[in-house]
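Enquirer: Provide a 3D model corresponding to the input given below.
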Amino acid sequence: MMKPVELRKNVWWLAHRSDSLLEVNVYLLCYPHEKGQANLMIDPGPPELLTYLQKAVLPITGGLDKIQAVLINHQDPDVAPNSAYIQKLNPQCMVVASEDTWRLIQFLGLKASRFKAVESYRNHRAIMPGGNRLIFVPSPFCHFRGAMMYYDERSRILFSGDLFGGLSYSHDLYATEASWEGIKTFHQLYMPSRDALKLAVSRIRNLDPQPEMIAPQHGSIIQGGLIKDFLDRMYNLEVGLDLLIAGEKKENYLGAVNEILNELEKEGSADALAKGIAALNRDRSFTSIMTFVGTRVTGFKVDPPIAVKILLEHLRTYGGTGLESLVNLVALKTLIGRNIPIGDILPQSGGEQDLPDYFE
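Expert: Numbers count the residues shown, from 1 in each chain. Model prediction:
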């Protein structure tokens, strides 16, 4: 178990490290001013952490009852539940979140009179006691519609919620190059699409000044040169639906190519089919584009449309006249039946033909 760590002056990492693959990070921001100190907690976590949080903040704030506001990224059970306990300890504690998040976290027993929507702040900015600005950065569908990041301008720390969170294959507080694998896996599991990530990354890139730390709700804190590197990787990362659709696309093409091969075989072209596939084996191109068991394709090593196109070209070229006359017809019927675009796979006609006068 680790003690609280002061990431920047008056900005604290709380919670602790365990043996879990999914570590939970809780953050505390303190804003001293003439009349005292305003204390904000970001993503206070699940009930299992409540007693630890009380011990952690005691020497810093005097206890959880001194927390004046809780900022919530989204409604998940590892993120928001302790906000209800904190509000019981301090009935004046304000809960700040997006309206979409509030629709769900209100069922934790939070008071509507002590909720403030980030959408109500002008330009998504709040002036904190002491004059520092807190910027609200929407990150929709990362991974919830109403997900909201919080950027503390003074410390230049972006509190990113689940975005840039990672599985903890190691339990270091600060990220290293090795942390990317856990971040990648976490996002592929929990983020819906690359488009959502691109929008969020673009908004981070537009922050001025740029963050010097990204502090997610899971995993390790990112700083230094890793920020740009991980932003670049995240921008192009396929996740969620991207992977699901890609997998379905591959299965559809795999089914199509084997359906084509099976029909050609049934049409009495088994020998010609074997010659065409043997030709792939001879010039070694077969091993770089797809895998076979007998005359059946079991996998692709390149983009499926490219692999299917190359296979059909080889069958037309090396399968003899009997096979050549059937390949395009069988492929056309199969591809259209599976709603696969034919333009990039089958040869197209050479353009408009001159028609006799009687067709005019």
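Enquirer: Residue 171 and residue 179: what is the separation?
Expert: 11 Å (CB to CB, to the nearest Å). The way it works is simple: take the backbone N, C-alpha and C, and place the C-beta from them, glycine included.
Enquirer: for residue 8, same thing?
Expert: Taking CB to CB as the measure, residue 8 and residue 179 are separated by 20 Å.
Enquirer: Neighbour count for the two, which is higher?
Expert: Neighbour comparison, residue 8 and residue 179: the larger count goes to residue 179, with 23 against 14 (by other CB atoms under 10 Å).
Enquirer: can you tell me which residues contact the more buried one?
Expert: 166, 170, 172, 219-220, 222, 226 (CB atoms under 8 Å, 6 or more residues apart in numbering).
Enquirer: Now render these as a markdown table, adding neighbour count.
Expert: Shown next, in a markdown table, are the contacts of residue 179 (neighbours: other CB atoms under 10 Å):
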| residue | neighbour count |
| --- | --- |
| 166 | 25 |
| 170 | 12 |
| 172 | 14 |
| 219 | 27 |
| 220 | 26 |
| 222 | 27 |
| 226 | 19 |
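Enquirer: Provide the secondary structure category for residue 95.
Expert: On the three-state scheme (DSSP: H, G, I helix; E, B strand; the rest coil), residue 95 is labelled strand.
Enquirer: Next one: it relative to residue 255, how far apart?
Expert: Going from residue 95 to residue 255 by CB to CB gives 51 Å.
Enquirer: if you count what's nearby, which of these two comes out ahead?
Expert: Taking neighbours as other CB under 10 Å, residue 95 and residue 255 compare with residue 95 leading, 25 against 14.
Enquirer: Surely the more buried one touches residue 70?
Expert: Yes. Counting by CB atoms under 8 Å, residue 70 is a contact partner of residue 95 at 5.3 Å.
Enquirer: which residues are in contact with both of the two?
Expert: Counting by CB under 8 Å, 6+ apart, the common neighbours of residue 95 and residue 70 are 83, 87.
Enquirer: Output the contacting helices and strands for the longest helix along the chain.
Expert: Identified as the longest helix of the chain according to DSSP state H is helix 240-264. Applying 3 or more CB pairs under 8 Å, 6 or more residues apart in numbering; DSSP states H and E, we find helix 240-264 packed against helix 180-190, helix 270-282, strand 296-300, helix 304-318, helix 320-337.
Enquirer: winner for burial among the ones you listed?
Expert: helix 304-318 (a mean of 20; mean count of other CB atoms under 10 Å).
Enquirer: What helices and strands are in contact with it?
Expert: helix 240-264, helix 270-282, helix 286-289, helix 320-337.
Enquirer: Taking helix 180-190 as reference, get the angle to the longest one.
Expert: In this structure, helix 240-264 runs at an angle of 80 degrees to helix 180-190, with axes from the mean of the first three to the mean of the last three CA atoms, to 10 degrees as the basis.
Enquirer: Would you mind listing the outside residues contacting helix 240-264?
Expert: 188, 190-194, 238, 272-273, 295-300, 304-305, 307-308, 311-312, 315, 323, 326-327, 330-331, 334-335, 338, 340.
Enquirer: Show me the contacts of residue 179 that map onto strands.
Expert: residue 222 (DSSP state E).
Enquirer: As CSV, the contacts of residue 179 with pLDDT and distance to residue 289 would be great.
Expert: Below are the contacts of residue 179 laid out as CSV (pLDDT from 0 to 100; distance: CB to CB, whole Å):
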residue, pLDDT, distance to residue 289
166, 95, 34
170, 87, 38
172, 90, 41
219, 95, 38
220, 96, 39
222, 98, 38
226, 98, 36
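Enquirer: That's all I had, so thanks and see you.
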